[in-house]
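A.B. asks: Any chance you can model this:
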Amino acid sequence: MAHNFMSTLTASFAMPAAENPTVAVMDAVFAHHGLDARYINCEISPESLGDAVRGALAMGFAGFNCSLPHKVHVIEFLDELAPSASIIGAVNCVVIKDGRLIGENTDGKGFVESLRTVVDPAGKDMVIFGAGGAARAIAVESALAGASTITVVNTTVSRGQDLVDRINADTQAKATLVHWDHEYAIPAATDIVVNATSVGLFPDIDARLNIDTASLLPSMVVADVIPNPPKTHLLTDAAARGCTTLDGMGMLVNQGRVAIKLWTGVDVDGQVMRRTLEGLFA
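C.D. replies: Here you go, the predicted structure:
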């Protein structure tokens, strides 16, 4: 009986890389499904990124994740961008197929999958805090999923306006910008509220968004992208106001699920990934 000793190779390229828990999550879910696959956590400097990408191609990798600071820089080494990655202007997942390097962005896809467990964004009015990488991905994927309106609330006008312009130019959603220089009251007609900033992320867990919490209504779904801690002040406040809440753990898990599907074609069990993350963040 012939044996195949060739593992499916995947990786993460980031700098710094030591605190990235993804490798533990990937190893756990590969083992659970009996997949002969490896996920290698690599610290890659910006100067070495091109060499790393060419090396992954030469060694027959199925693909790799790209984290900070490589999400934009990596694009110059790729052959193709998926539609949402092209609009977002950033890549966090590369698929290697038939010798071609295809840039994807799983941040927004992971969020929309998580969101759909409580509400479909199609036809909904959204408020998104932030205009950085996570906010851009979430806004674009939500727009492509059929969101009706997206209000981007951001402290930096230029960055927020760039995101709004991209959504209006490349999707059917109607986007507007609010300059976040005051305590923001969420409009009563809002269906979905998303914190896509780092406010409240460990270790600064006592930080709060500059919003009027009295404007949170029971009709709203309130989501936070922060996975650690999973229960942020925003989600606690929203739950107290009767809102449906969604933590950042689901987005993180689904990013990984989407990446594995792109690399291997296998749909993996998100609960295995979530339990692993919860153990790491405990």
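A.B. asks: So the residue nearest the centre of the chain, which state does it fall into?
C.D. replies: Taking Cα atoms, centre = their mean as the criterion, Asp107 is the residue nearest the geometric centre of the chain, at 2.1 Å. Classification of Asp107 by DSSP: H, G, I helix; E, B strand; the rest coil places it in helix.
A.B. asks: Where does the closest residue to it other than its chain neighbours fall, secondary structure wise?
C.D. replies: Nearest in space to Asp107, with sequence neighbours left out and distances taken as Cβ to Cβ, 6 or more residues apart in numbering, is Ala137 at 3.6 Å. From N, CA and C alone the C-beta is placed, and that goes for glycine too. Using DSSP states H and E, Ala137 sits in helix 133-144.
A.B. asks: list the helices and strands the helix or strand following that helix packs on?
C.D. replies: Per DSSP H and E, the first helix or strand lying C-terminal to helix 133-144 is strand 149-154. Judged by 3 or more Cβ pairs under 8 Å, 6 or more residues apart in numbering; DSSP states H and E, strand 149-154 is in contact with strand 125-129, helix 133-144, helix 157-170, strand 174-179.
A.B. asks: Distance check, the residue nearest to the centre of the chain against Lys71.
C.D. replies: 9 Å (Cβ to Cβ, to the nearest Å).
A.B. asks: overlap in contacts of the two?
C.D. replies: Shared contacts of Asp107 and Lys71, defined by Cβ atoms under 8 Å, 6 or more residues apart in numbering, are found at Asn92, Gly133.
A.B. asks: Leu101 - that's part of a strand, no?
C.D. replies: Yes: under three-state DSSP, Leu101 sits within a strand.
A.B. asks: Angles on the backbone of the closest residue to it other than its chain neighbours, please.
C.D. replies: In space, and not counting its chain neighbours, Leu101 is closest to Leu78: 4.5 Å by Cβ to Cβ, 6+ apart. With angles defined as degrees, to the nearest 10, Leu78 sits at phi -100, psi 160.
A.B. asks: Just give me the neighbour total for Leu78.
C.D. replies: For Leu78, the number of neighbouring residues by other Cβ atoms under 10 Å comes to 18.
A.B. asks: Tell me how far the helix holding Ala137 lies from the chain's centre.
C.D. replies: 9 Å (Cα atoms, centre = their mean, to the nearest Å).
A.B. asks: Just the CA atoms of that helix, as PDB, please.
C.D. replies: Extracted in PDB, the C-alpha atoms of helix 133-144 (Å, rounded to 0.1, in the frame of the first residue of the first chain):
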ATOM      1  CA  GLY A 133      -8.400  47.400   8.000                       C
ATOM      2  CA  ALA A 134     -11.200  45.600   9.900                       C
ATOM      3  CA  ALA A 135     -13.700  48.300   9.200                       C
ATOM      4  CA  ARG A 136     -12.900  48.500   5.500                       C
ATOM      5  CA  ALA A 137     -13.300  44.700   5.100                       C
ATOM      6  CA  ILE A 138     -16.600  44.600   7.100                       C
ATOM      7  CA  ALA A 139     -18.100  47.600   5.300                       C
ATOM      8  CA  VAL A 140     -17.300  46.300   1.900                       C
ATOM      9  CA  GLU A 141     -18.400  42.700   2.500                       C
ATOM     10  CA  SER A 142     -21.600  43.900   4.200                       C
ATOM     11  CA  ALA A 143     -22.300  46.100   1.200                       C
ATOM     12  CA  LEU A 144     -21.700  43.200  -1.200                       C
END
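A.B. asks: how about that helix: buried residues?
C.D. replies: Under the neighbour-count criterion of 16 or more other Cβ atoms under 10 Å, helix 133-144 has Gly133, Ala134, Ala135, Arg136, Ala137, Ile138, Ala139, Val140, Glu141, Ser142, Ala143, Leu144 buried.
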